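Enquirer: Could you look at this predicted model? Sequence included:
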Amino acid sequence: MYEILISLCLLGDPGVCRQQLVAGLETATEHQCDALRQSLDPEDMAATDAGYRVSGLVCRRSPAGLSLQEIADGIYVHTGDVSEPNPGNRGDIANLGFVVGDRSIAVIDAGGSRAVGEAFYRAIRSVSSLPISHLILTHVHPDHLFGASVFADAGVKVVGHPNLERALRDREEAYLLTFETEVGRGAFLGTGTDFSVTMQDEIDLGGRILELRDWPVAHSTSDLTVWDGLTGTLFAGDLVFDRHVPVLDGSLSGWLQVLGEVEDMKPERIVPGHGAPVMHPGAAIEPVRTYLELIEMDTRRSLDAGTRMSDAVPHIGMQQSSEWELFDVYNARNATVAYTELEWE
């Protein structure tokens with residue numbers, strides 16, 4: 001397969017450039033690619049308002065995309081790094097997946113930068129040439145959605161929780177600045193949120209139907225799960241973490257309630273938002289529940305004792321410090337969110 005690339009360079013620093021995939025224009029031969037390239041005008045793709053200039057369309061054979069694992073028939077998962085975003089991983093820190101039907105493909109989450117989204121797009125194309133009809137975003141956090149513009153540019157419908165669009169617009173400026181700083185300007189170049197999000201309860205891919213369920217405030221304010229009834233596979237997004245310490249950005253009590261309802265769905269397998277590509281439901285849910293219940297118990301004890309938040313936070317959840325990676329990065333924030341929530345019950 002051959003693809004078309006266009007060069008992006010920062011207007012304020014022309015030495016910082018990146019070749020960006022023009023998604024949706026793949027061809028079987030180099031001759032077809034070159035003919036298509038010659039029909040395009042880089043000026044039509046100019047985006048000076050985005051802080052960069054574009055130039056120089058070129059063709060090349062598509063490189064290998066992200067690594068994939070087929071976890072069930074027609075269901076593929078890419079495992080992100082369990083780490084913070086950095087120049088080495090370019091924001092590739094969340095699990096991403098896609099489901100292949102008879103007529104089309106649905107993608108679940110898109111990665112933490114345009115560059116990661118492009119690499120995931122290539123991986124999907126290495127498996128199937130069927131149309132990609134939907135990109136499903138499991139929640140608002142940038143490590144799951146900053147690659148979405150790749151798919152939106154290719155005409156893919158972006159689907160998410162009813163609250164996702166508003167949550168994204170409220171936070172996008174801060175998210176873009178933070179991830180650009182952590183990933184690096186060059187690797188992050190071209191990343192944006194110029195796409196709209198719609199809502200949908202189910203998606204018919206031909207021969208298999210995906211059921212989408214939006215949840216009350218839990219891990220975040222915009223959690224969505226994807227259920228493939230054909231294989232009993234549940235894409236849980238960040239309602240389930242593995243290895244990576246759970247991150248509380250919504251409601252502690254809400255998250256514990258939702259975990260029980262997810263368990264009641266009785267999936268055969270769960271794809272967590274971070275960590276292993278696929279897990280048995282019990283092994284997936286119970287560690288998250290144990291951690292959240294400890295946070296709740298420690299917080300309530302502190303409140304009952306009249307301990308100030310600044311004094312309580314360093315001690316909340318510490319019994320689980322050896323059980324999770326990135327514990328020191330997120331636990332204090334989790335404790336702060338929990339204390340604030342439970343204080344006002």
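Expert: Arrived safely, thanks for sending.

Enquirer: alpha carbons only for contacts and neighbour counts from here, please
Expert: Will do.

Enquirer: Output stretch 105-115 as CSV - backbone C-alpha positions only.
Expert: These are the backbone C-alpha positions of stretch 105-115, laid out as CSV (Å, rounded to 0.1, in the frame of the first residue of the first chain):
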residue,chain,number,x,y,z
ILE,A,105,-14.6,-1.4,10.8
ALA,A,106,-15.1,0.5,14.0
VAL,A,107,-12.1,1.9,15.9
ILE,A,108,-12.1,2.3,19.7
ASP,A,109,-9.9,5.3,20.8
ALA,A,110,-7.1,6.9,18.7
GLY,A,111,-4.1,7.6,20.8
GLY,A,112,-2.4,10.7,22.4
SER,A,113,-1.2,12.5,19.3
ARG,A,114,-1.8,12.9,15.6
ALA,A,115,1.4,10.8,15.0
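
Enquirer: Just want the most central residue of this structure.
Expert: For the chain, the residue lying nearest the average C-alpha position, counting by CA atoms, centre = their mean, turns out to be residue 144 (1.4 Å).

Enquirer: next helix or strand past whichever strand or helix holds that residue?
Expert: Take DSSP states H and E as the rule and residue 144 turns out to sit in helix 142-145. Sequence-wise, the next helix or strand downstream of helix 142-145 (DSSP H and E) is helix 148-153.

Enquirer: so how far is residue 235 from residue 229?
Expert: Taking CA to CA, to the nearest Å as the measure, residue 229 and residue 235 are separated by 11 Å.

Enquirer: Could you tell me how far the residue nearest to residue 231 when sequence neighbours are not counted is located from residue 42?
Expert: In space, not counting the residues next to it along the chain, residue 231 is nearest to residue 72; the distance is 6.8 Å by CA to CA, 6 or more residues apart in numbering. Applying CA to CA, one obtains 41 Å for the distance of residue 72 from residue 42.

Enquirer: and if you look at residue 102?
Expert: Taking CA to CA as the criterion, residue 102 is separated from residue 42 by 35 Å.

Enquirer: mind listing the helices for the stretch 51-200 of the chain?
Expert: Assignment of helices within the stretch 51-200 of the chain using DSSP state H, counting those that start in this stretch yields the ranges 114-127, 142-145, 148-153, 164-183, 185-188.

Enquirer: Show me the one of the ones you listed that comes nearest residue 55.
Expert: Proximity to residue 55 (CA to CA) singles out helix 185-188 among these, at 16.0 Å.

Enquirer: what helices or strands is the closest one leaning on?
Expert: For helix 185-188, the packing partners by 3 or more CA pairs under 8 Å, 6 or more residues apart in numbering; DSSP states H and E come out as strand 17-21, helix 114-127.

Enquirer: pLDDT of the last one, averaged?
Expert: Think helix 114-127. The average pLDDT within helix 114-127 is 96.

Enquirer: what's the domain layout of the protein?
Expert: Structural domains assigned to the chain are 2-61, 69-281, 293-343, following automatic domain parsing.

Enquirer: Just send those domains back as TSV, with distance to residue 287 too.
Expert: Formatted as TSV, the entries for these read as follows, by distance: least, CA to CA, whole Å:
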stretch	distance to residue 287
domain 2-61	39
domain 69-281	8
domain 293-343	9
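
Enquirer: Next SSE downstream of the helix or strand where residue 260 lies?
Expert: Secondary structure here is read from DSSP H and E; on that basis residue 260 sits in helix 252-264. The element immediately downstream of helix 252-264 (helix or strand, assigned by DSSP H and E) is strand 269-274.

Enquirer: re earlier: of all the helices and strands packed on helix 185-188, which one comes closest to residue 276?
Expert: Proximity to residue 276, assessed across the helices and strands packed on helix 185-188 by CA to CA, is greatest for helix 114-127 (17.5 Å).

Enquirer: ok, and for that closest one, which residues are buried?
Expert: 114-125 (16 or more other CA atoms under 10 Å).

Enquirer: now the angle from the longest helix seen in the chain to strand 269-274?
Expert: Selection of the longest helix in the chain by residue count, based on DSSP state H, yields helix 281-304. Angular relation of helix 281-304 and strand 269-274 on a 0 to 180 degree scale: 50 degrees, by axes from the mean of the first three to the mean of the last three CA atoms, to 10 degrees.

Enquirer: low-confidence ranges in this protein?
Expert: Residue ranges of the chain with pLDDT under 70: 45-50.

Enquirer: what about the residue nearest to residue 231, neighbour count?
Expert: Residue 72 has 15 neighbours, counted by other CA atoms under 10 Å.

Enquirer: The residue nearest to residue 218 when sequence neighbours are not counted: what's it in contact with?
Expert: Counting by CA to CA, 6+ apart, the nearest residue to residue 218 once its immediate chain neighbours are dropped is residue 255, at 3.9 Å. Neighbour list for residue 255: 217-219, 239 [criterion: CA atoms under 8 Å, 6 or more residues apart in numbering].

Enquirer: Give me the buried positions along the helix holding residue 260.
Expert: Counting neighbours by 16+ other CA under 10 Å, the buried set in helix 252-264 is 252-253, 255-256, 258-259, 262.
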